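A.B. asks: What follows is a predicted structure for the sequence shown.
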Amino acid sequence: MFQHSQSSKLRVLHLSHCTFSFASPPFVHCVQLRLLHLDHCTNITDDEEHPSHNENMTCFQKLWVLVLRYTDWYWLLSEKMMSLMTDLRELNVEGVKHWSISDLCGDIPSLVVLRVTANTVTIHSQDIIKNNGACASLLNLSKASLLKTVILESCAELEQVTPFMLPPLLESFSFINSGATAAKISCISFRGCSQLKNILLRGNLGRLGELDLSDTAVKTLDLGELEAPNLKCFILLGCKKLRAILWPPEDKRTWALEKLHISTVQSASPSQNNWEEKTKEASVAGGSSSIFAFGESQLGTRQIASFDFNWYISVVDPRLMWSLMPFQKEIEGNFVYMEIDSSPASGATVGGREVAQGIGSQQQFAQYLYARDVFQEHPQAVTAIEGVTSWMWACPPIPTPRPQDWYFHMQDEEKMESGSLQEQHNTRRISTSVALAPVLRCDNAGMLYVHDSSYSTTCIPCPQGATWRNLIWCRVERCPKLCSVFATPQLRSGEHTFFWLSTLWASQLPMACYIWNWSTTYQPSGRSFEDLVLLHLDYCPRLIHVLPLSEHMDILPSLETLEIVCCGDLKEVFPLDPKRQQKREIIRFPTLRHIHLYQLSTLQGICGSRMSAPNLETIKIRGCWGLSRLPAVSGSARKRPKVDCEKDLWDNLKWDGLEAKHDPSLYETRHSRYYKKAHLPRGTVLR
């Protein structure tokens, strides 16, 4: 057969249910074969299945495609033959008894597609032990340097898939177990397979405990038909192109995940050895590690985040968060590190024209206020903005996230690029927005950092009943469309809110009218804000008030520092309702030590008509010409607070007298060299 003169030109051969001698195949003279398909073919004798040494085997040498279905020709799959088929691009093996993917070895230099379907009908456990002991070994395709597609079906005896045994150019991998018996595979790892785009896992993988897809190029991960009840660990770090995960239906999703790590932002292998060094660097950069943030500095949280968190989620496209909604209960009930970072990668900003719309020339100050190192390199800047640097308190660094914390970071799609002090510019925009993310519970969040958000009107989409009961540290800056930092809560009057909040830092919010604003039906309890230590605001020109004190609040027991800079529309920091204002109720600030007020042209008062701050140490005031009262102090001549303000302001202040511990003699004053000239209208430009 195939011995005529034209046989040498035969390129494609498909033999089905044929019986011939494997030692002398009928197509041995077909030296131009490109595709050989043997389906249910058997050996005519029980002799050696391989050809004799004198036989010419050039018929296999130029093969491009080899399909072996239910044809037990083991010699054809030997290492020697695989090395001989130097042009073989596709290998399809199905139903070959006593052979598995683990038996495939040798150098297959040109192989691009590999498909293996195990024989699930005739294979028996004794045969496996005797003839297929390699089934339990690791998959080894590392020598297949061009292999891009691997499809494994019913390979139930394979126990592990590890990255160092996979081909370097792998683009597509499928593992399908259609049998009722659970596959033995317990670990699948593609970590570092940077070309891997398509992954399909289907069927009963009942023993699978760990799945690692880190640093792959997967865009959509389809797990809709995966049965993995024992899956405990799921890792997708550094999957920068990941946009969606398709989970099984709820009635078939019996997983009990204990660890979920997803990152479409960073590398999968952060160095844990230099944790302390990076933490220090991040503190120098401004402490910009956070929860719930719409922005990130160059040395941001993701670079110092602890991967000890069992639930770590860091995504670029906010829409990916919808893929995690099936695990909403687990996310809410566990300690979580979560990021949404949809901006192009760029350095940290120290200011920007577009973000600062409405701030005007004040933005020039802001460029320096947040970069202390600039003053060392550009001393002339200090002269240009005399006195401002020493007035700015540094934002306290965020506490280092721990596995016991609930860490949530969000970042919007537009971010300022780093640049010179003379010229700032924006990076390009991308079409996603944090607004596309689902509403997530925020009551477990311990830290909040919002910045460079160009589309959000409130800091984060959260339920109306959110109490922020665990929030400790909050920083909000450079959000040009933010109208209110926190949405008005829909709670019962007297319910606790912001119970643990210690630090609030708000900066460069040109449209913000409120930080907090209560409704007529809700007033915070007396214990709300009882841990607030630092309150800082700068460059919020439309801000009307900061924290209205409810009828239940007559004390801020922990507040130590109050600093407000360049908020032109601010009328009162802690406003009271009209009834309490008329009663001239005393609001107590027992730990308040520092007050810094700068360029608040419409400020009328700090808190009502009477406030007490017995431990006050310093007061610095510039450009607050409407302010008429200072806090009452301890009354001790030895403990007089130092007041630094314009003499004009000091001369116009109102006092309640010594009995009320509110008298000029109880303060130590120092007046600035520069103060308002009576003949110059407010707002006049000096030339």
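C.D. replies: Cool, got the structure.

A.B. asks: okay, CA-based contacts and neighbour counts for the rest of this
C.D. replies: Noted.

A.B. asks: what ranges do the helices span in the stretch 101-250 of the chain?
C.D. replies: 125-131 (DSSP state H, counting those that start in this stretch).

A.B. asks: I should have written the chain there, sorry.
C.D. replies: Taking DSSP state H, the helices of the chain run over residues 79-84, 125-131, 275-284, 328-333, 362-369, 372-377, 379-384, 388-391, 578-582, 647-651.

A.B. asks: Could you pull out the strands in the stretch 201-350 of the chain for me?
C.D. replies: 210-212, 220-222, 226-227, 233-236, 244-246, 259-263, 311-315, 336-341 (DSSP state E, counting those that start in this stretch).

A.B. asks: Redo those as CSV? Include distance to residue 66.
C.D. replies: Converted to CSV, those look like this (distance: least, CA to CA, whole Å):
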stretch, distance to residue 66
strand 210-212, 31
strand 220-222, 29
strand 226-227, 30
strand 233-236, 35
strand 244-246, 34
strand 259-263, 39
strand 311-315, 42
strand 336-341, 47
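
A.B. asks: winner for burial among those strands?
C.D. replies: Of all the strands of the stretch 201-350 of the chain, strand 336-341 has the most neighbours on average by mean count of other CA atoms under 10 Å, namely a mean of 28.

A.B. asks: could you give the mean pLDDT of that one?
C.D. replies: The average pLDDT for strand 336-341 rounds to 69.

A.B. asks: burial count for residue 591?
C.D. replies: 18 (other CA atoms under 10 Å).

A.B. asks: ok, back up a step: nearest to residue 93 among the strands of the stretch 201-350 of the chain would be which one?
C.D. replies: Smallest distance to residue 93 across these (CA to CA): 23.5 Å, for strand 226-227.

A.B. asks: And the pLDDT for the residue found closest to residue 198 once you drop the neighbours it is linked to in the chain?
C.D. replies: Leaving aside its sequence neighbours, residue 198 sits nearest to residue 172 (CA to CA, 6 or more residues apart in numbering; 4.6 Å). Among the per-residue scores, residue 172 holds a pLDDT of 96.

A.B. asks: you'd agree residue 172 is up against residue 194?
C.D. replies: No: using CA atoms under 8 Å, residue 172 is not in contact with residue 194; the gap is 11.3 Å.

A.B. asks: ok, residue 221 to residue 183 distance?
C.D. replies: Plainly put, residue 221 is 20 Å away from residue 183 if you go by CA to CA, to the nearest Å.

A.B. asks: separation between residue 88 and residue 223?
C.D. replies: Counting by CA to CA - residue 88 and residue 223 are separated by 32 Å.

A.B. asks: Compare neighbour counts for the two and give me the winner.
C.D. replies: Under the criterion of other CA under 10 Å, the comparison of residue 88 against residue 223 puts residue 88 first, with 24 against 18.

A.B. asks: was I right about that one contacting residue 62?
C.D. replies: Yes: with contacts counted by CA under 8 Å, residue 88 reaches residue 62, the gap being 7.2 Å.

A.B. asks: can you pull the contacts of residue 117?
C.D. replies: 93, 94, 95, 152, 153, 154, 155 (CA atoms under 8 Å, 6 or more residues apart in numbering).

A.B. asks: Any chance of a ChimeraX selection covering the buried ones in the residues you listed?
C.D. replies: Buried subset of the contacts of residue 117, written as a ChimeraX selection, criterion 16 or more other CA atoms under 10 Å:
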select :93,94,95,152,153,154,155
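
A.B. asks: possible to save the contacts of residue 117 as TSV with pLDDT and distance to residue 325?
C.D. replies: Formatted as TSV, the contacts of residue 117 follow (pLDDT from 0 to 100; distance: CA to CA, whole Å):
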residue	pLDDT	distance to residue 325
93	92	40
94	92	39
95	88	40
152	92	30
153	92	31
154	88	31
155	86	32
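
A.B. asks: Quick check: bridge partners of residue 42?
C.D. replies: residue 19 (DSSP bridges).

A.B. asks: what sits against residue 92?
C.D. replies: 65, 66, 67, 68, 69, 114, 115, 116.

A.B. asks: Any idea what it is bridged to?
C.D. replies: Taking DSSP bridges as the rule, residue 92 bridges to residue 67, residue 115.

A.B. asks: what's the spacing between it and residue 169?
C.D. replies: Counting by CA to CA - residue 92 and residue 169 are separated by 19 Å.

A.B. asks: could I get stretch 565-576 in PDB with only the CA atoms?
C.D. replies: Output of stretch 565-576 as PDB, limited to C-alpha atoms (Å, rounded to 0.1, in the frame of the first residue of the first chain):
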ATOM      1  CA  VAL A 565      -5.700  77.100  55.400                       C
ATOM      2  CA  CYS A 566      -7.100  79.100  52.500                       C
ATOM      3  CA  CYS A 567     -10.800  78.200  52.800                       C
ATOM      4  CA  GLY A 568     -12.300  81.500  51.700                       C
ATOM      5  CA  ASP A 569     -16.100  80.700  52.100                       C
ATOM      6  CA  LEU A 570     -15.700  79.000  55.500                       C
ATOM      7  CA  LYS A 571     -18.000  80.700  58.100                       C
ATOM      8  CA  GLU A 572     -17.700  78.400  61.100                       C
ATOM      9  CA  VAL A 573     -15.700  75.300  61.800                       C
ATOM     10  CA  PHE A 574     -18.000  73.600  64.300                       C
ATOM     11  CA  PRO A 575     -21.500  75.200  63.800                       C
ATOM     12  CA  LEU A 576     -24.300  74.700  66.400                       C
END
